[in-house]
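S.K.: Please find the sequence and the predicted model below.
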Amino acid sequence: MQNKLFEKHYSRFTSSIFLLSLIFLATSCFKDSEVDERLESVKAAKRSPGVSANEILSSSKFQSLELEIQYMEGYPLSETTITQITDWLNSLINKPLGITVITTSIPAVGQEDYSVTEVREIEDNNRTAYNAGDKLGMYILILDGYFDEDSDTEASLGFAHRNTSIALMGKRVKENSGSFGRPSKPKLETTVLEHELGHLMGLVNLGSGMVTDHEDGENLKHCDNEDCLMYWEVETRSIFSSMDEGIPTLDENCLNDLKANGGK
């Protein structure tokens, strides 16, 4: 009886040693420098919008861009939108090794609205695209609800909340597109995302200095040209009245700011 009990405990002991050895072997495959680089990349992605403008625009530090798009179930981006924003970025930023897009679905949370803090928590729990070597990571999250700072008179379609992070209010976009008197879903998605990407690239006066003063004094960080993509109405429902002629483009002042900060 004692021998059997000894054999049983010995078997458990040796199994535990084997498991610990496997864990040690797995973790030892990662160099300390690689772990440190990953931690620094995650930390670097939690800065303010506009801080990474030059990193996004120029090729001095990063030669390529990885754009990670994660959408809550039921709210995927249109393929047309993905193609259009990728082509648009390619026309503005210096990334000789190109742009890679990764699209994945994540479970819908099911909230009515989301705060900036909650958006960031969701990103932190799901994002995988971070800076690595000569690759810059960027992240877009499409939510199944509204922004909690919306009011009866003004509702947000999306916002840039970190230096490489954008949130798109998928439910709000879906409800306000594709019907009579409203823009198509790809058109609305593309317009809002290009506007927010413009903020990540430092427009207006948010990290890319102004060659000529064109910041809207009443709506800071936006262009004073109402026909420009960076006009303040573009990120709200008010944009519908000015989308009859197509997606707004960046005006000459905004393009000059991007070029002066390392863009094409």
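M.R.: Happy to help now that I have it.

S.K.: so how many other residues sit close to residue 153?
M.R.: 8 (other C-beta atoms under 10 Å). For the C-beta atoms, the positions are set from N, CA and C on the backbone; glycine is no exception.

S.K.: Per-residue pLDDT of it, please?
M.R.: Looking at residue 153, its pLDDT reads 83.

S.K.: next one: residue 36
M.R.: Taking residue 36 on its own, its pLDDT is 71.

S.K.: Downstream of the helix or strand containing it, the next helix or strand is which one?
M.R.: Using DSSP states H and E, residue 36 falls within helix 32-44. As assigned by DSSP H and E, the chain's next helix or strand after helix 32-44 is helix 53-57.

S.K.: And residue 117, its phi and psi?
M.R.: Residue 117 adopts backbone torsions of phi -60, psi -40, taken as degrees, to the nearest 10.

S.K.: burial count for it?
M.R.: Neighbour tally, residue 117, other C-beta under 10 Å: 10.

S.K.: so how far is residue 135 from it?
M.R.: Distance of residue 117 to residue 135, computed by C-beta to C-beta, to the nearest Å: 28 Å.

S.K.: and what of residue 88?
M.R.: Residue 88 is 20 Å from residue 135, where distance means C-beta to C-beta.

S.K.: and what of residue 146?
M.R.: 33 Å.

S.K.: likewise residue 172?
M.R.: Using C-beta to C-beta, residue 172 is found at 32 Å from residue 135.

S.K.: Those two: which has the busier surroundings?
M.R.: residue 172 (23 against 17).

S.K.: Name the next helix or strand downstream of whichever helix or strand that one is part of, please.
M.R.: Using DSSP H and E, residue 172 maps to helix 170-175. Going down the chain from helix 170-175, the next helix or strand is helix 185-200, by DSSP H and E.
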